[in-house]
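Asks: can't give you the sequence, but here's the structure:
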């Protein structure tokens, strides 16, 4: 049986270069996470979180997409900043 190793956030961002970076609410995503999962399910795509970062005491997460149009739809629906993958 072939076992795949988990894909790293860096690899995810290389394979799915259209990213939406979101500030994680202090109370977490809570019910918004259900809506985020539904967004992906309705489009037949897998949720691909990328790297996380912490700045000024706040957490950020990057959601990664293969299609720039889907990334734009995601940002329109859930907020966040659209950008291309970059090294950091």
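Replies: Happy to help now that I have it. All values derive from a computational prediction rather than experimental measurement.
Asks: let me know the pLDDT of the most centrally placed residue in the chain.
Replies: A centroid search over the chain (C-alpha atoms, centre = their mean) returns residue 63, at 0.9 Å, as the residue closest to the centre. On the pLDDT scale, residue 63 is placed at 94.
Asks: check the one 4 residues further on too.
Replies: At residue 67, the predicted lDDT confidence score is 94.
Asks: sorry, back to before: count of residues packed around the closest residue to the residue nearest to the centre of the chain other than its chain neighbours?
Replies: Sequence neighbours aside, residue 20 is the residue nearest to residue 63 in space, at 4.9 Å (criterion: C-beta to C-beta, 6 or more residues apart in numbering). C-beta here means a position set from N, CA and C on the backbone, and glycine is covered the same way. Residue 20 is flanked by 24 other residues according to other C-beta atoms under 10 Å.
Asks: so what strands line up beside the helix or strand encompassing residue 20?
Replies: Counting by DSSP states H and E, the element that carries residue 20 is strand 18-23. If you go by DSSP bridges, strand 18-23 pairs up with strand 58-65 (antiparallel), strand 81-84 (antiparallel).
Asks: that one: what's the following helix or strand?
Replies: As assigned by DSSP H and E, the chain's next helix or strand after strand 18-23 is helix 31-42.
Asks: just want the angle from that following helix to strand 58-65.
Replies: 10 degrees (axes from the mean of the first three to the mean of the last three C-alpha atoms, to 10 degrees).
Asks: quick one: average confidence on stretch 8-21?
Replies: 89.
Asks: enumerate the positions of it that are buried.
Replies: 9, 12-13, 16-21 (16 or more other C-beta atoms under 10 Å).
Asks: pick the one among those residues closest to residue 39.
Replies: Relative to residue 39, the closest of those is residue 20; by C-beta to C-beta it sits at 11.0 Å.
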